[in-house]
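Student: Provide a 3D model corresponding to the input given below.
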Amino acid sequence: MQSNKYKLLAIEDEPEIRALLQTLLEAAGYKILSAENGETGKMLQASHQPDLVLLDLGLPDIDGREVLRAIRKDSACPVIVLSAISDEDVIVQALDLGANDYIRKPFGAAELLARVRNTLRTAQGVIAASDGKFASDGLVIDYDARTVELDGTQIHFTQTEYNILALLAKHSGKMLSYSFICKEIWGYTDAGSTKKLQVNMANIRKKFAAIPNGLRHITNELGVGYRMQNKDI
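Tutor: This next block holds a predicted model:
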């Protein structure tokens with residue numbers, strides 16, 4: 001996948017960060033559009049249909065979450081949220097509104113570029129194969145057979161554990177908030193469902209841990225959610 005195929009839109013009000021994003025991403029071969037406020041960002045997104053949006057939540061005219069809502073009404077364009085906000089509830093809400101990922105400010109160049117690459121390839125549907133299987137770095141999930149194999153060893157999961165794994169795999173590379181997972185698995189979210197999720201994830205991790213380096217596939221952002229990694233590309 002060549003980065004110069006892709007057009008990115010950065011919606012960021014701070015001139016220094018906007019200039020940094022443009023410098024880093026152009027150097028990596030991407031085409032960049034920039035907007036200094038939410039209204040301009042919405043207009044550019046609608047007219048230019050970028051392949052990915054980098055969205056600051058703290059915009060001067062409208063809340064970044066409103067921009068995200070507007071994008072999601074008409075587009076599945078991947079969105080990475082940039083935020084200096086430390087309130088995890090705000091970040092979780094952005095993820096629930098459809099953000100594909102988030103990066104806390106200040107961020108490093110390597111992290112930014114890696115997240116952009118990962119989000120773009122995930123959005124292209126490369127990892128989740130069309131034949132009903134997910135395959136990444138030794139992990140194979142067969143959705144039709146409802147089986148999970150890691151490094152050649154089949155692992156047995158309960159129905160709920162499997163459903164959680166399949167959900168994470170189908171959104172591989174994307175950070176899924178606790179509330180999103182709970183709604184998808186149990187149909188509701190509250191303190192009880194979050195606790196159930198944590199218990200099930202502990203059991204999943206224990207089963208993966210029985211295989212050397214088996215914990216490499218799922219990461220947990222405390223207070224936010226879980227991500228299924230993909231490393232085959």
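
Student: Every contact and neighbour count from this point should use C-alpha atoms.
Tutor: OK.

Student: Please list all residues in contact with residue 98.
Tutor: Listed by C-alpha atoms under 8 Å, 6 or more residues apart in numbering, the contact partners of residue 98 are 68-69, 72, 79.

Student: Check what contacts stretch 25-38 and list those residues.
Tutor: The contact list for stretch 25-38 (C-alpha under 8 Å, 6+ apart) reads 3-15, 18, 22, 41, 44, 59-64, 67, 113.

Student: And those residues, which of them are buried?
Tutor: 7-13, 18, 22, 41, 44, 59, 64, 67 (16 or more other C-alpha atoms under 10 Å).

Student: what stretches of the protein score poorly on pLDDT?
Tutor: Along the chain, segments meeting pLDDT under 70 span 1-4, 123-131, 231-233.

Student: residue contacts, the residue most central in space within the chain?
Tutor: With distances taken as C-alpha atoms, centre = their mean, the chain has residue 174 as the residue nearest its mean C-alpha position (2.2 Å). Taking C-alpha under 8 Å, 6+ apart as the contact definition, residue 174 lies against 100-101, 119, 122, 227-228.

Student: go with 10 Å
Tutor: Under the criterion of C-alpha atoms under 10 Å, 6 or more residues apart in numbering, the neighbours of residue 174 are 78, 80, 95, 99-102, 115, 118-119, 122-123, 168, 225-230.

Student: Excluding chain neighbours, what is closest to it?
Tutor: residue 100 (5.3 Å; C-alpha to C-alpha, 6 or more residues apart in numbering).

Student: my guess is that neighbour contacts residue 175, does it?
Tutor: Yes - the pair formed by residue 100 and residue 175 meets the contact definition of C-alpha atoms under 10 Å, at 6.6 Å.

Student: by contact count, what packs against the longest helix along the chain?
Tutor: When the chain is parsed with DSSP state H, its longest helix is helix 191-209. Packing partners of helix 191-209 (3 or more C-alpha pairs under 10 Å, 6 or more residues apart in numbering; DSSP states H and E): strand 153-155, helix 159-170, helix 178-186, strand 218-221.

Student: Show me which positions of that helix end up buried.
Tutor: Neighbour counts over helix 191-209 (16+ other C-alpha under 10 Å) mark 193-194, 197, 200-201, 204-205, 208 as buried.

Student: do stretch 44-55 as well
Tutor: For stretch 44-55, burial by neighbour count (16+ other C-alpha under 10 Å) applies to 44-45, 50-55.

Student: chain center to that stretch: distance?
Tutor: 17 Å (C-alpha atoms, centre = their mean, to the nearest Å).

Student: Also stretch 101-111?
Tutor: That offset, for stretch 101-111, works out to 13 Å (C-alpha atoms, centre = their mean).

Student: How is the chain partitioned into domains?
Tutor: Structural domains of the chain, as assigned by automatic domain parsing, span the residue ranges 3-123, 133-228.

Student: which stretches of this structure form helices?
Tutor: The residue ranges that make up the helices of the chain, judged by DSSP H, are 15-27, 38-48, 64-74, 88-96, 109-123, 159-170, 178-186, 191-209.
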